[in-house]
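Colleague: Quick one, what's the 3D model for this:
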Amino acid sequence: MGLKIHKVEPYKKGMIKKTPFVRRGNVAGRLVAIMDLKLDNRELELISPISRVIKVGEIHEIVTTEEQSTKVCNKVGYIGFFEVMRGGVLEVGDTILIKERTVGEILGFNNAHMPNHMNIVIKVKKRATGVKLNLKLDDSVLIKGRRKRS
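Modeller: Numbering: from 1, shown residues only. Presented below is the predicted three-dimensional model:
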């Protein structure tokens with residue numbers, strides 16, 4: 001008798017209409033690489049799940065976009081990579097602060113480079129890079145979860 005694997009993805013099937021999380025802790029880290037790159041035709045596909053777990057010691061990339069699409073982002077800017085110092089659960093809509101300054105809100109996630117790293121795509125008013133934001137190595141990254149259920 002084998003283990004039965006369910007292939008239903010509840011986010012993709014529309015089974016989850018609002019966040020299932022009542023409370024979550026903040027995720028914290030530090031920048032370990034600063035980037036200066038913008039692309040206009042990236043075709044960065046966002047995955048359907050609205051949440052991801054990240055663990056202490058992992059390194060992930062922060063990507064900016066002005067686009068509102070939750071499927072594919074073309075015009076992107078690259079902030080850089082951060083090392084997770086306090087892990088947790090990320091969710092679409094969480095706020096990202098770097099050096100205690102709000103940079104944007106999570107639009108979605110891309111797994112193109114997994115298992116190496118995940119792209120965390122954030123919605124911004126004006127697409128930016130790490131250099132344009134005048135970021136430095138070891139600058140703090142804080143990802144704050146929404147306080148209320150939506």
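Colleague: Can you pull up the most central residue in the chain?
Modeller: Using Cα atoms, centre = their mean, the residue of the chain that lies closest to the mean C-alpha position is residue 120, 2.5 Å off.
Colleague: Quick one: list the elements packing against the host helix or strand of residue 142.
Modeller: Assigned by DSSP states H and E, residue 142 belongs to strand 140-144. Judged by 3 or more Cβ pairs under 8 Å, 6 or more residues apart in numbering; DSSP states H and E, the packing partners of strand 140-144 are strand 27-39, strand 95-98. No exception for glycine: its C-beta is placed from N, CA and C like everyone else's.
Colleague: ok, and what's touching stretch 33-45?
Modeller: For stretch 33-45, the surrounding residues in contact (Cβ atoms under 8 Å, 6 or more residues apart in numbering) are 63, 65, 71-81, 110, 112, 119, 121, 127, 129-132, 135-137.
Colleague: Mind doing that once more with 10 Å?
Modeller: The set of residues external to stretch 33-45 that reach it, using Cβ atoms under 10 Å, 6 or more residues apart in numbering, is 59, 61-65, 67, 69, 71-83, 108, 110-112, 119, 121, 127-137, 139.
Colleague: for stretch 9-25, same thing?
Modeller: 8, 47-51, 86-94, 143-150.
Colleague: for this structure, which spans come out with low pLDDT?
Modeller: 1-6, 11, 17, 147-150 (pLDDT under 70).
Colleague: how about 90 then?
Modeller: 1-23, 48-50, 68-70, 145-150 (pLDDT under 90).
Colleague: ok so, going back, C-alpha coordinates for the strand holding residue 142, PDB please?
Modeller: Written as PDB, here are the backbone C-alpha positions of strand 140-144 (Å, rounded to 0.1, in the frame of the first residue of the first chain):
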ATOM      1  CA  SER A 140      18.800  45.200   7.100                       C
ATOM      2  CA  VAL A 141      15.800  43.600   5.400                       C
ATOM      3  CA  LEU A 142      12.500  43.300   7.200                       C
ATOM      4  CA  ILE A 143       9.400  41.600   5.800                       C
ATOM      5  CA  LYS A 144       6.300  42.500   7.700                       C
END
